[in-house]
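Visitor: sequence and predicted structure below; questions after.
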Amino acid sequence: MFPEMGSIEEKVDLDSDEEIPFSGVRTTNKMQPMNFEPSHILLNRRFSASWVIRKVHRISILRSIHIVLFKARINFLLPFGPLAIMLHYLTNKHGLVFFFSLVGIIPLAERLGYATEQLACVTGPTVGGLLNATFGNATEMIISMYALKNGMIRVVQQSLLGSILSNMLLVLGCAFFCGGLVHHHKVQIFNKATAIVNSGLLLMAVMGILFPAVLHFTHSEVHKGKSEIALSRVSSCIMLVAYASYIFFQLKIQNNLYSTLDEVRENNDEAEEEDVPEITHWEAVGWLAALTLWISILSGYLVDAIQGASDSMNIPVAFISVVLLPIVGNAAEHASAIMFAMKDKLDITIGVAVGSSTQISMFVIPFCVIVGWIMGKPMDLNFQLFETATLFITVLVVAFMLQEGQSNYFKGLMLILCYLIVAASFFVHIDPSNDDD
């Protein structure tokens, strides 16, 4: 037994002695090729990493295209845009060109608002609200620039006036009505201080538009035909300064004074989930540029077909400019305002509807006057008595609706009915000629 045990121990010792040199040789053999392989491995890793990045980038682009162009149901209206361009060159039917262009711009305006909301998730609520109002009005600005370039000053004035009326009466009314029906068991509240600031700016805009019209129709100009335009240009510069001050106030001071309701609502888990963007901010910027370009192309065909559509469909140009064009341009604001009101986020609804009206009256209209001055076009703030009176009464009605800081479905219904009265008035309104003072 013991000799066998000794032999076993010797075998173990021999095995251990034999394995030492062989293990050393193996380690040296393994280490030698490693001196030559790291460069190849690094190159392979870099190639694989770049391939993965390109693959992910392609997937993200395809995913972005799917989300923006195919996910929304309203995008089935997108083919109407190319059809309008084809009809413009193949036929002389201005009514169809106008209708198809009008319908084709609707999904573009809605997607423009969607891309702005995605970008607002990165920039924050205050800057996001300004971006939403700015790009929400991009459609109106583009249409106005094309009409101003073609010398259609009354179309510019009436379309911008219609945008203000549509935002304050139709968009805000539908938002209050739908939000009141969904939350009928309680009273919806919003930040009254912010609404009062916007109402004050709207009244200032009415003042800037009112005096040139009064000066013209009372025949009290110092220099006939020149004082009115000079007053409009000076008032436009003052209004732009006031709007710039308002932006500074909103970005620097308003967050500390008027953000109590927003802070309470931002604590909700649902709000946190909704703030997650579906596309990256660079993709949102790219889509904003592409959609704005496509809207500008369609707007050119839309403006060219307005007069022909009015003659063929026997509809006054004033009704087309004040009612039909703003409804298309405000498609993004209309959808988002109703959505936020149904989610009991009336502060955002007020910012979208009333804030958009404030931006058009205090920035877009004065900006068009300055651009017309540069182009040599007689663009002024004389919107005629009928349009000026309509704007003045509308601002008063909305200011009274907002002074309580509360909303319900009855207030929304009243605003909608007021808009129907305005639309019916412009349907029977004939725009006076320049000779009829």
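Guide: Cool, the structure landed. Residues are numbered from 1 along each chain as shown.
Visitor: count of residues packed around Thr388?
Guide: Look at Thr388: counted by other CB atoms under 10 Å, it has 21 neighbours. To be clear about C-beta, it is placed using only N, CA and C from the backbone, and glycine gets the same treatment.
Visitor: and the pLDDT at it?
Guide: Here the pLDDT value assigned to Thr388 is 92.
Visitor: mind checking which helix or strand it is in?
Guide: Assigned by DSSP states H and E, Thr388 belongs to helix 384-402.
Visitor: that helix: what's the following helix or strand?
Guide: strand 406-407.
Visitor: quick check: what element follows that next one along the chain?
Guide: Using DSSP H and E, the helix or strand that follows strand 406-407 in sequence is helix 409-427.
Visitor: I'd like the average pLDDT over that next one.
Guide: The pLDDT scores in helix 409-427 average 93.
Visitor: using PDB, write out the CA atom coordinates for that helix.
Guide: Presented in PDB, the C-alpha positions along helix 409-427 are these (Å, rounded to 0.1, in the frame of the first residue of the first chain):
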ATOM      1  CA  TYR A 409     -68.600  74.800 -21.600                       C
ATOM      2  CA  PHE A 410     -71.100  77.700 -21.600                       C
ATOM      3  CA  LYS A 411     -68.400  80.300 -22.100                       C
ATOM      4  CA  GLY A 412     -66.900  78.200 -24.900                       C
ATOM      5  CA  LEU A 413     -70.400  77.900 -26.600                       C
ATOM      6  CA  MET A 414     -70.800  81.700 -26.400                       C
ATOM      7  CA  LEU A 415     -67.400  82.300 -28.100                       C
ATOM      8  CA  ILE A 416     -68.200  79.800 -30.800                       C
ATOM      9  CA  LEU A 417     -71.600  81.500 -31.500                       C
ATOM     10  CA  CYS A 418     -69.900  84.900 -31.600                       C
ATOM     11  CA  TYR A 419     -67.500  83.500 -34.300                       C
ATOM     12  CA  LEU A 420     -70.500  82.300 -36.300                       C
ATOM     13  CA  ILE A 421     -71.900  85.800 -36.200                       C
ATOM     14  CA  VAL A 422     -68.600  87.200 -37.400                       C
ATOM     15  CA  ALA A 423     -68.300  84.600 -40.200                       C
ATOM     16  CA  ALA A 424     -71.900  85.400 -41.400                       C
ATOM     17  CA  SER A 425     -71.100  89.100 -41.400                       C
ATOM     18  CA  PHE A 426     -68.100  88.700 -43.600                       C
ATOM     19  CA  PHE A 427     -70.000  86.400 -46.000                       C
END
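Visitor: which stretches of the stretch 51-200 of the chain form strands?
Guide: Applying DSSP state E, counting those that start in this stretch to the stretch 51-200 of the chain gives strands spanning 188-189.
Visitor: quick one, helices of it?
Guide: In the stretch 51-200 of the chain, the segments counted as helices under DSSP state H, counting those that start in this stretch are 80-90, 94-123, 125-136, 138-149, 153-165, 172-182, 192-217.
Visitor: where are the low-confidence patches of the stretch 1-150 of the chain?
Guide: Within the stretch 1-150 of the chain, the stretches with pLDDT under 70 are 1-59, 124-130, 132-134, 136.
Visitor: the closest residue to Asn330 other than its chain neighbours: what's it in contact with?
Guide: Ranked by CB to CB, 6 or more residues apart in numbering and with sequence neighbours excluded, the top spatial neighbour of Asn330 is Ser166, at 5.1 Å. For Ser166, the contact set (CB atoms under 8 Å, 6 or more residues apart in numbering) comprises Val323, Pro326, Ile327, Asn330, Tyr419.
Visitor: and which of those is nearest to Phe76?
Guide: For these, the residue nearest Phe76 by CB to CB is Ile327; the value is 18.6 Å.
Visitor: just the pLDDT for that closest one.
Guide: Confidence at Ile327, expressed as pLDDT, is 81.
Visitor: beyond the helix or strand hosting it, next helix or strand please.
Guide: If you go by DSSP H and E, Ile327 is part of helix 325-329. Where DSSP H and E defines the elements, the next helix or strand beyond helix 325-329 is helix 331-342.
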